[in-house]
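Q: generate a structure from the sequence data that follows.
(2 chains)
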Protein chains: 2
Amino acid sequence: MAKQIIECVPNFSEGRSVEIINKIVKPFSGHKGCALLDYRADRNHNRLVVSLAGSPEPIKKALFEASDIAVSHINMELHEGGHPRIGAIDVIPFTPIQNITMDECVDLARDFGKQFNGATGIPVYFYDEAALKPNRRNLEVIRKGQYETLKKEIANPERAPDIGDAKMHESAGATIIGARKFLIAFNVNLGTNKVDIAKKIANNVRASGGGLCHVKGIGLSLKDRNLVQVSLNITDHKRNAVYRVLELVKMEAKQFGIQVVETELYGMAPASAIVDSSAYYMQLAGFDPNQIIELRLLQMLEEDDE
Amino acid sequence: MAKQIIECVPNFSEGRSVEIINKIVKPFSGHKGCALLDYRADRNHNRLVVSLAGSPEPIKKALFEASDIAVSHINMELHEGGHPRIGAIDVIPFTPIQNITMDECVDLARDFGKQFNGATGIPVYFYDEAALKPNRRNLEVIRKGQYETLKKEIANPERAPDIGDAKMHESAGATIIGARKFLIAFNVNLGTNKVDIAKKIANNVRASGGGLCHVKGIGLSLKDRNLVQVSLNITDHKRNAVYRVLELVKMEAKQFGIQVVETELYGMAPASAIVDSSAYYMQLAGFDPNQIIELRLLQMLEEDDE
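A: Numbers count the residues shown, from 1 in each chain, chains lettered A, B, ... in the order given. As a prediction, the model looks like this:
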């Protein structure tokens, strides 16, 4: 059986101490089958965002080790930073990449949540696809008022955790664990310096403006380049592929007589996001990603490993 | 250092005996790091074409084992078939895929040729990028008159092998070894049943008709579908990407008022061929294939292996 691959992007509430950041990140490169793709710490946010990909088991092992380190080095009573947070290990989302369904990622998140609470004593909330309560699909509902408010309100039934006692861990707060689809960050730069136009196009293309489902977007000015940008998040690229989002931006830009100067794919993307758009533009019939040598090699290397 | 990956497509002169074909193919799935992507035997051609990808060392080991089996089971004195051939192990091309240059593949082919001759006694010719004589870049020059003619002419200096004695192996003939670029088979189906139009477009697009370098093409009728096809080989997709070939076909089709119905990518393709065309159509600036999760995972798994 072909190996299951997930992405996991744990967020830790430490963005300033290089020593602590290095300690937290270390386990993620110490487990075969868990690949550390990237990590970024932000001083102002006082937050560390780690990107992992690989098999569920080694990723879970590395998460337990990193969480132990985070618990012993981060004290939420002393923490301050620009990014909303309720705990030392603030959010852990699991995302299906290959040979794994969303339902399996939901099970994975919930099982991990139970084990995580058992091992650390930290109360756990489930969000997005793994939410047990409908209003907790939205991360911000769980994180409302942040650590300081939740500490007071956690005993209220409507704010009680999904797993664990209804009180915060004394130093590490609470943790939000979930399963979600891959998020693609896609920017379209337009040949004008009128930011109003970018804002109008963003509004017309995004779901909240009546445009495409699973698409969020804002209009920005790129002042140093004398251009504007429609900055988009595609939260379900299987239901709204990158090509469709791009073509809709072009269509809306046409009414202003404005052209796309260039686009940017920010951060990581799964192969399917690129392949689907290629297939559209090239009118490729019956193309199978297994025809891509590197994807076949990846599958074969993974099978060798088992 | 990231692991080197090559493609290798050895051709054996046996397309009829399932027993012998299975014996020849077996070593290709028995070496870690050598992935058997595909194999196809054709009764009329009486030929077996194997597609491999992986690291040079395990591929070479598997080639030695498969060649031993081919030598003991194929007798060129008795061989007949529709495809031109001069030996039991007729052609072995090496193609760079990842972290390896063409020059390194040329060295690999020549080193392998020496070892191959030492181990089997089969005379070796080098072709394409590995050719030692300019006219031997072209495979068909080496294979002129096939086994039966070469057997008589091999003692002539202009037909002498590059490695080994100037006489055929008594049963296995001679072998052609080389390094070449990846060949992409790309078909464009057009909304007409006039095969003359497909032939004209093929001629205008291909190098021999004055069109794009590194592109070969013919026009065919797809009778059962009432369509015609421009069937193309791109022999250097880094210098003429798939998108450029497709757009030129569209441009030529326009003069006949004809549209592209669909396209087909036949067989394997390296990720770069898909990514380059995506980047063109999506106007992606500064896109790095390392942003594709699966390609990063492949690199990481390969590094783990070392």
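
Q: ok, now how distant is A:Leu108 from B:His31?
A: 34 Å (Cβ to Cβ, to the nearest Å). The C-beta positions use only the backbone N, C-alpha and C, and glycine is treated the same way.

Q: got the buried residues for stretch A:182-200?
A: For stretch A:182-200, burial by neighbour count (16 or more other Cβ atoms under 10 Å in any protein chain shown) applies to A:182-184, A:186-190, A:192, A:195, A:197-200.

Q: what about A:Glu104, neighbour count?
A: 16 (other Cβ atoms under 10 Å in any protein chain shown).

Q: what residues are up against A:Ile142?
A: In this structure, A:Ile142 makes contact with A:86, A:125, A:127, A:136, A:176, judged by Cβ atoms under 8 Å, 6 or more residues apart in numbering or on different chains.

Q: now the closest residue to chain B within the stretch 1-150 of chain A: phi and psi?
A: Taking Cβ to the nearest Cβ, chain B has its nearest neighbour within the stretch 1-150 of chain A at A:Ala35, 4.3 Å off. Recorded main-chain torsions at A:Ala35 are phi -100, psi 130, according to degrees, to the nearest 10.

Q: looks like it contacts A:Val50 (just checking).
A: No. Using Cβ atoms under 8 Å, A:Ala35 makes no contact with A:Val50, being 11.3 Å away.

Q: the more surrounded of those two?
A: Comparing A:Ala35 with A:Val50 by other Cβ under 10 Å, the one with more neighbours is A:Ala35, at 26 against 23.

Q: now the more buried one, nearest residue through space, not along the chain?
A: B:Met300 (4.3 Å; Cβ to Cβ, 6 or more residues apart in numbering or on different chains).

Q: count the residues that sit near that neighbour.
A: Neighbour number of B:Met300 under other Cβ under 10 Å is 22.

Q: let me know the secondary structure of it.
A: helix (DSSP: H, G, I helix; E, B strand; the rest coil).

Q: isn't A:Ala155 right up against A:Lys167?
A: Yes. The pair A:Ala155 / A:Lys167 is scored as a contact, 6.9 Å apart, by Cβ under 8 Å.

Q: find the residues that touch each one of these two.
A: When Cβ under 8 Å, 6+ apart defines a contact, no residue borders A:Ala155 and A:Lys167 alike.

Q: would you map out the domains in chain A?
A: Taking automatic domain parsing as the criterion, chain A consists of the domains A:5-179, A:184-293.

Q: okay, now the first one: how far is its last residue from its first?
A: Separation of the first and last residues of domain A:5-179 by Cα to Cα, to the nearest Å is 13 Å.

Q: just how off-centre is it within its chain?
A: 12 Å (Cα atoms, centre = their mean, to the nearest Å).

Q: tell me the mean pLDDT for it?
A: Across domain A:5-179, the average pLDDT comes to 96.

Q: try stretch A:206-213
A: Stretch A:206-213 comes out at a mean pLDDT of 96.

Q: give the buried residues for it.
A: Using 16+ other Cβ under 10 Å as the test for burial, stretch A:206-213 gives A:206, A:211-212.

Q: please apply the same query to stretch A:155-166.
A: A:159-164.

Q: among those residues, which are in helices?
A: Applying DSSP state H to those, no entry is found in helices.

Q: export these as CSV, with columns for distance to chain B.
A: Output for these, formatted as CSV (distance: Cβ to the nearest Cβ, whole Å):
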residue, distance to chain B
A:Arg159, 35
A:Ala160, 36
A:Pro161, 31
A:Asp162, 29
A:Ile163, 29
A:Gly164, 32
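
Q: can you pick out the most distant pair from those residues?
A: A:Arg159 and A:Ile163 (14.0 Å; Cβ to Cβ).

Q: around chain B, pick out the residues from the stretch 201-306 of chain A.
A: The stretch 201-306 of chain A comes close to chain B at residues A:242-243, A:246, A:260-265, A:267-271, A:274-275, A:277-278, A:281-287, A:291-298, A:300-302, A:304-305, as judged by Cβ under 8 Å from any Cβ of the partner chain.

Q: just the buried ones among those, please.
A: By 16+ other Cβ under 10 Å, those give A:242-243, A:246, A:260-265, A:268-271, A:274-275, A:277-278, A:281-284, A:287, A:291-298, A:300-302 as buried.

Q: which stretches in the stretch 1-150 of chain A count as strands?
A: A:5-8, A:11-12, A:34-42, A:47-54, A:89-98, A:124-128 (DSSP state E, counting those that start in this stretch).

Q: ditto for the stretch 201-306 of chain A
A: So, for the stretch 201-306 of chain A - with DSSP E, counting those that start in this stretch - the strands run A:215-222, A:227-234, A:260-266.

Q: just those strands: most buried one?
A: Ranked by mean neighbour count, the strands of the stretch 201-306 of chain A are led by strand A:227-234 with a mean of 23 (mean count of other Cβ atoms under 10 Å in any protein chain shown).

Q: now for that one, which elements pack on it?
A: Packed against strand A:227-234 by the contact rule (3 or more Cβ pairs under 8 Å, 6 or more residues apart in numbering or on different chains; DSSP states H and E) you find strand A:184-190, helix A:195-205, strand A:215-222, helix A:242-254.

Q: do you know how far A:Ile92 is from B:Val124?
A: 57 Å.

Q: A:Val195 too?
A: From A:Val195 over to B:Val124 the distance is 66 Å, taken as Cβ to Cβ.

Q: can you check A:Phe94 too?
A: With distances taken as Cβ to Cβ, A:Phe94 is found 53 Å from B:Val124.

Q: try A:Ala172
A: 67 Å.

Q: ok, now which ones touch A:Gly15?
A: Applying Cβ under 8 Å, 6+ apart, the residues contacting A:Gly15 are A:21, A:41-48, A:81.

Q: can I get those residues in TSV including neighbour count?
A: Below are the contacts of A:Gly15 laid out as TSV (neighbours: other Cβ atoms under 10 Å in any protein chain shown):
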residue	neighbour count
A:Ile21	19
A:Ala41	21
A:Asp42	14
A:Arg43	10
A:Asn44	10
A:His45	18
A:Asn46	20
A:Arg47	23
A:Leu48	25
A:Gly81	16
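
Q: what's the most distant pair in those?
A: It's A:Ile21 and A:Asn44 that sit farthest apart of the contacts of A:Gly15, by Cβ to Cβ, at 14.7 Å.

Q: pLDDT at the residue nearest to A:Lys181 when sequence neighbours are not counted, what is it?
A: Spatial nearest neighbour of A:Lys181, excluding adjacent residues (Cβ to Cβ, 6+ apart): A:Asp236 at 5.1 Å. Looking at A:Asp236, its pLDDT stands at 93.

Q: which positions in the stretch 1-150 of chain A make contact with chain B?
A: Counting by Cβ under 8 Å from any Cβ, the stretch 1-150 of chain A sits next to chain B at A:5, A:7, A:32, A:35, A:37, A:53-54, A:97-98.

Q: out of those, who has the most neighbours?
A: Ranked by neighbours (other Cβ under 10 Å), those are led by A:Gly54, which has 28 neighbours.

Q: ok, that one - contacts?
A: A:5-6, A:33-35, B:297.

Q: one more: A:Gln291?
A: B:265, B:267-269.

Q: try A:Gly121
A: Taking Cβ under 8 Å, 6+ apart as the test, what A:Gly121 contacts is A:164, A:169.

Q: repeat the analysis, applying 10 Å as the threshold.
A: A:71, A:164-165, A:167, A:169-170, A:172 (Cβ atoms under 10 Å, 6 or more residues apart in numbering or on different chains).

Q: can you check A:Val242 too?
A: Counting by Cβ under 10 Å, 6+ apart, A:Val242 has contacts A:184, A:186, A:232, A:234, A:263, A:265, A:269, A:273-274, A:276-277, A:280, B:278, B:282, B:284.

Q: and which of the residues you listed is nearest B:Lys60?
A: A:Ile274 (32.4 Å).

Q: excluding sequence neighbours, find me the nearest residue to the closest one.
A: Counting by Cβ to Cβ, 6+ apart, the nearest residue to A:Ile274 once its immediate chain neighbours are dropped is B:Ser278, at 5.0 Å.
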